[in-house]
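Visitor: how does the following fold in three dimensions:
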Amino acid sequence: MIMVQEMEQTLPGTCRVRFEDPHLLHDFYLTITPDEGFWAGGRFRFHIYVTEEYNMAPPSVKCLTKLWHPNISEHGDICLSLLRQNSIDGMGWAPTRKLKDIIWGLNSLFTDLLNFDDPLNIEAAELYLKDKEAFQSTVREYVTQYAKR
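Guide: This is a model prediction of the structure:
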């Protein structure tokens with residue numbers, strides 16, 4: 001319960017957490033509504049499941065909103081060092097990390113943590129590098145179709 005209180009007290013202003021069952025604190029949803037950047041105006045939902053191995057292993061996280069993003073696949077897989085047990089950049093999961101770190105990391109994927117060098121959605125990353133206007137247009141189409149507030 002303490003980890004949930006700490007997490008809720010330190011949420012970025014663009015994030016909301018929802019527990020479908022208040023008795024299942026290991027299974028919850030995160031909504032991120034970016035107020036700047038390519039995805040501004042969208043509402044993106046994530047399912048977060050804290051496994052029994054937590055905090056030795058990171059929680060399982062899936063994006064439920066279809067979007068065009070270099071670090072999130074159209075199927076909801078997420079490329080974020082914090083979610084990896086072992087990470088090349090040394091920023092992977094560690095037992096000292098907390099759920100708030102995951103939420104801040106996910107939120108940052110919509111602002112300053114974009115990684116075009118090691119993308120999950122290669123097509124999105126290549127379009128960004130080749131034609132930023134076309135990238136932004138594709139992002140807007142996805143936001144309008146799948147993530148409108």
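Visitor: pull the longest helix seen in the chain out as CSV, backbone CA atoms only.
Guide: The longest helix of the chain (DSSP state H) is helix 132-146. What follows is helix 132-146 as a C-alpha-only set of coordinates in CSV (Å, rounded to 0.1, in the frame of the first residue of the first chain):
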residue,chain,number,x,y,z
LYS,A,132,9.6,15.1,-39.8
GLU,A,133,6.5,16.6,-41.3
ALA,A,134,5.3,13.2,-42.6
PHE,A,135,6.1,11.7,-39.2
GLN,A,136,4.1,14.3,-37.4
SER,A,137,1.2,13.9,-39.9
THR,A,138,1.2,10.1,-39.3
VAL,A,139,1.3,10.6,-35.5
ARG,A,140,-1.7,13.1,-35.7
GLU,A,141,-3.7,10.6,-37.8
TYR,A,142,-3.1,7.9,-35.2
VAL,A,143,-4.0,10.3,-32.3
THR,A,144,-7.2,11.3,-34.1
GLN,A,145,-8.2,7.8,-34.9
TYR,A,146,-7.2,5.9,-31.7
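Visitor: I32: neighbouring residues, count only.
Guide: 23 (other CB atoms under 10 Å). Any C-beta I mention is one placed from the backbone N, CA and C, and that applies to glycine too.
Visitor: who touches it in this structure?
Guide: By CB atoms under 8 Å, 6 or more residues apart in numbering, the contact list for I32 reads 14-15, 43-44, 46, 106-107, 110.
Visitor: what's the offset of the longest helix of the chain from the middle of its chain?
Guide: From the chain centre to the centre of helix 132-146 is a distance of 18 Å (CA atoms, centre = their mean, to the nearest Å).
Visitor: what does that helix contact?
Guide: Helix 132-146 is contacted by residues 38-39, 41-42, 65-69, 124, 127-128 when judged by CB under 8 Å, 6+ apart.
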